[in-house]
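S.K.: Mind looking at a prediction? Sequence and model below.
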Amino acid sequence: MRETDWTKVLGWPGYRVYRHEINEPAKTLKLWVRRKRGNRKLVCSGCGRKLAEGYDVYEREVRDLPCFEFRTTVVIELYRVRCPDCGVKTEKVPQLPSKAPFSKRFEEAVGLACESAPVRRVARQFALSPNTVRAIDLRYLKRWAPRRRKPALRQMGIDEMYLDEAAKQFQSEMELNAQHSQSLYQLAYIRLQQHQAPEASRLLAQVIKQDPSNSDAHYQLGKALLEQGDVSEATRELETSVQLRPTDYGYFQLSNAYARTGRSDDARRALEKFEKLKPKNAAVP
């Protein structure tokens, strides 16, 4: 194959293969790459500043995805840049996310494998040590975490047999930091599951005192007050919840509160809003 063909096979944007070496008995493939003509946009790895010229050039060898049955390594020609803010730094290359001797897509393949198999099995699959696989998986998760969708907490599901253990854990966290509103909220939720509405109300009032804009805390407090029979206060809390953040479950509970006080028109309107906001086939919390 010609070097242009190897460039297409490798598929590194902005880089071309200028040399290759195949060791058929060892089943290894080594590719030497450098920037394509016109690809001279250098970026400081420290601060992200764009620079026009490099300070010097060196080579770095990294393991990439295998090519058929050949274990593939890439020797990439890298620039060091003299950054006005950071001094001499290696350029930033998207294909090399860390100082480890692996390409980004190789680490992603290892990370994906770790999602469905034990570390030792993945280590055997890629001919790596278990410690190396764990380090790659950790870097993969750190890169994945900022991109993942983080839906707002609506309900926290806890197995009944572990409620007491979970409550003890949250109480321990509160002893270390009494102002930890998330632990307060989660402990209050557990108390509601244990039908301890007065205790849940007390904890939720503390959460709201720390963060009056916490719509979920107002919603859970409204449920706790309904359980205790304080319908008027529950209605106020549920109204605050849907004003801060309109939700299907908020309007559902609010319609119940309105119905219990004889406000049938308000209950009907709240139920209509619930139907509009409710996802298809969703269960009511």
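M.R.: Structure's in. What do you need? Numbers count the residues shown, from 1 in each chain.
S.K.: for the stretch 1-150 of the chain, which spans come out with low pLDDT?
M.R.: Residue ranges of the stretch 1-150 of the chain with pLDDT under 70: 148-150.
S.K.: hang on, residue 59 is in a helix, isn't it?
M.R.: No. Read with DSSP: H, G, I helix; E, B strand; the rest coil, residue 59 is strand and lies in no helix.
S.K.: residues in contact with the spatially closest residue to it that is not a sequence neighbour?
M.R.: Distance criterion CB to CB, 6 or more residues apart in numbering; nearest residue to residue 59, sequence neighbours excluded, is residue 75 at 5.4 Å. (Glycine included, C-beta is placed from N, CA and C.) By CB atoms under 8 Å, 6 or more residues apart in numbering, the contact set of residue 75 is 30, 31, 32, 33, 59, 60, 61.
S.K.: Just the buried ones out of these, please.
M.R.: Buried subset of the contacts of residue 75 (neighbour count, 16 or more other CB atoms under 10 Å): 30, 31, 32, 33.
S.K.: Can you flag which of those residues belong to strands?
M.R.: Among the buried ones among the contacts of residue 75, the residues falling in strands (DSSP state E) are 30, 31, 32, 33.
S.K.: Tabulate the CA atom coordinates of whichever strand or helix holds residue 235 in PDB.
M.R.: Using DSSP states H and E, residue 235 falls within helix 231-244. Only the C-alpha atoms of helix 231-244 are listed here, as PDB (Å, rounded to 0.1, in the frame of the first residue of the first chain):
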ATOM      1  CA  VAL A 231     -53.900  20.900  53.100                       C
ATOM      2  CA  SER A 232     -53.700  24.700  53.100                       C
ATOM      3  CA  GLU A 233     -49.900  24.800  53.800                       C
ATOM      4  CA  ALA A 234     -49.400  21.900  51.400                       C
ATOM      5  CA  THR A 235     -51.200  23.900  48.600                       C
ATOM      6  CA  ARG A 236     -49.000  26.900  49.100                       C
ATOM      7  CA  GLU A 237     -45.800  24.700  48.900                       C
ATOM      8  CA  LEU A 238     -47.000  23.000  45.800                       C
ATOM      9  CA  GLU A 239     -48.000  26.300  44.200                       C
ATOM     10  CA  THR A 240     -44.500  27.600  44.900                       C
ATOM     11  CA  SER A 241     -43.000  24.400  43.400                       C
ATOM     12  CA  VAL A 242     -44.700  24.700  40.100                       C
ATOM     13  CA  GLN A 243     -44.000  28.500  39.900                       C
ATOM     14  CA  LEU A 244     -40.300  27.800  40.300                       C
END
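S.K.: Return the distance of whichever helix or strand comes after that helix from the chain's centre.
M.R.: Once the chain leaves helix 231-244, the next helix or strand it forms, by DSSP H and E, is helix 248-260. From the chain centre to the centre of helix 248-260 is a distance of 33 Å (CA atoms, centre = their mean, to the nearest Å).
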